[in-house]
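A.B. asks: predicted structure and sequence below. I'll ask about it afterward.
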Amino acid sequence: MKNSNIIGLQEADCQQIAEKLNILLANYSVFYQNTRGSHWNIKGDQFFTLHPKFEELYNNLVLKIDEIAERILTLGATPAHNYSDYLKVATIKESQEVSNGTKSVEIILNSFKVVIDLQRELLDITEKAGDEGTNSQMSDYITEQEKEVWMYNSYLGK
């Protein structure tokens, strides 16, 4: 018996949600690597503030990457795992600006916008499908990330 039957969802809905989750997974993976690069390469007077903040963020992102992949598996699909595949579907692009603190924070904010927008799209899809598991996961992520956006914007003086 397929997972969709066991968890009470339609197979077609599970497939649609898993496809969107794979796009989210790709974006999170690029977001993660960009943040890791900023953590490694940050320079200047913002180093002592941003270096640990970037580490906190990439540790959080890697947990979400794992949770998203596991949700895709729960829905009976296969999570993508190749960066070459991620780069084809991700809206977030690889960052070349990893040593300037202000630029890195701006890139992080733009990345949050992408993942929050995708998660809001998933909220609509999962609500219609009755997929409370994915819906709850996305809602929790958005709540947490809205606060992160506020803090990073405050850091920039916005």
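C.D. replies: Structure's in. What do you need? Residues are numbered from 1 along each chain as shown.
A.B. asks: what lies in contact with whichever helix or strand Tyr152 is part of?
C.D. replies: Per DSSP states H and E, Tyr152 falls inside helix 132-155. Contacting residues not belonging to helix 132-155 are listed as 7, 17, 21, 49, 57, 64, 67-68, 71, 74-75, 105, 108-109, 112-113, 115-116, 119-120, 122-123, 126-127 [CB atoms under 8 Å, 6 or more residues apart in numbering]. To be clear about C-beta, it is placed using only N, CA and C from the backbone, and glycine gets the same treatment.
A.B. asks: narrow the residues you listed to those that are buried.
C.D. replies: When the contacts of helix 132-155 are checked for burial by 16 or more other CB atoms under 10 Å, the buried set is 17, 21, 57, 64, 68, 71, 74-75, 105, 108-109, 112, 115-116, 119, 122-123, 126.
A.B. asks: in the chain, which spans are helices?
C.D. replies: 3-7, 11-41, 47-74, 83-89, 101-129, 132-155 (DSSP state H).
A.B. asks: now the second one against helix 101-129, angle please.
C.D. replies: Put simply, helix 11-41 runs at 170 degrees to helix 101-129, going by axes from the mean of the first three to the mean of the last three CA atoms, to 10 degrees.
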